[in-house]
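Enquirer: This is a predicted model, with the sequence first.
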Amino acid sequence: MSSTKLSPFSFCILALVGRDGAGPHDIVRMMREGRVFWTTSESHFYAEPKRLAKLGYLAAEKQPGQTRERTHYTLTDQGREALRAWLAEPCAMPRIQNEAALKLIGADFADSDETVLASLAGLRAEIDQGYADLVEMEARVEQIPHRARYLRLLNELARRTYDMQREWLDHVEAELGSAERS
């Protein structure tokens, strides 16, 4: 994204940098754990902070790391003001990219419902991993006291999302499994 316009993903990065700042590796870790909320290729999580720094929304400084210097980003006044203004705007309806839903849209081309069921099986492992990531996220809540209240609410959304996905998958498996037995 070479434009000077801020996208919802830009605000995602600004919010993750937050009050204490963050390095690219921190941003990637947070995004891996929070992939239930937002997902894109990891290269975007490295590129967007650089772009925001060039635009003046983030300040970048080198800090010592274990093996080499690391970049640490902090919000500038411009970045804080942009985030404040964005927070006051109405939220859009969540956009859902759900590959399992797409599998069902095209399921009439499958050899059988068993084929579709087999392709959905990996989703259960991803949901389980999401719950494991949520445990890690919940363990860190008190380490960020100024965000603890909001993180607990966000973690509740994640838990409900995983619960809903698991319940839906149970339903799909029961429905398609019963059709195969008929």
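Expert: Cool, the structure landed.

Enquirer: all strands for the protein, in order.
Expert: 58-63, 70-75 (DSSP state E).

Enquirer: Just the CA coordinates for the first one, please, in PDB.
Expert: To tie it back to what came earlier, the one meant is strand 58-63. Extracted in PDB, the C-alpha atoms of strand 58-63 (Å, rounded to 0.1, in the frame of the first residue of the first chain):
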ATOM      1  CA  LEU A  58       4.900   6.200  14.000                       C
ATOM      2  CA  ALA A  59       8.400   7.000  15.200                       C
ATOM      3  CA  ALA A  60      11.000   4.200  14.600                       C
ATOM      4  CA  GLU A  61      14.100   3.900  16.700                       C
ATOM      5  CA  LYS A  62      16.800   1.200  16.900                       C
ATOM      6  CA  GLN A  63      17.100  -0.700  20.200                       C
END
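
Enquirer: Describe which strands that strand pairs with in its sheet and in which direction.
Expert: Using DSSP bridges, the strands paired with strand 58-63 are strand 70-75 (antiparallel).

Enquirer: Other residues contacting the partner strand?
Expert: 14, 17-19, 21-25, 49, 52-53, 57-64, 83 (C-beta atoms under 8 Å, 6 or more residues apart in numbering). Where C-beta positions appear, they are placed from N, C-alpha and C, glycine not excepted.

Enquirer: isn't Thr40 right up against Ser10?
Expert: No: with contact defined as C-beta atoms under 8 Å, Thr40 does not reach Ser10; the gap is 12.0 Å.

Enquirer: Which of these two has more residues huddled nearby?
Expert: Ser10 (22 against 13; other C-beta atoms under 10 Å).

Enquirer: Next one, pLDDT for the more buried one please.
Expert: Note on Ser10: pLDDT of 94.

Enquirer: correct me, but it touches Ala47?
Expert: No: between Ser10 and Ala47 there is no contact, the gap being 11.2 Å when judged by C-beta under 8 Å.

Enquirer: Report the residue ranges of every domain in the protein.
Expert: 8-87, 99-181 (automatic domain parsing).

Enquirer: For Met93, which of these is the nearest?
Expert: domain 8-87 (12.1 Å; C-beta to C-beta).

Enquirer: do you know how far the closest residue to Gln97 other than its chain neighbours is from His72?
Expert: Counting by C-beta to C-beta, 6 or more residues apart in numbering, Thr39 is the residue found nearest to Gln97 once chain neighbours are left out, at 7.4 Å. The gap separating Thr39 from His72 is 24 Å, by C-beta to C-beta, to the nearest Å.
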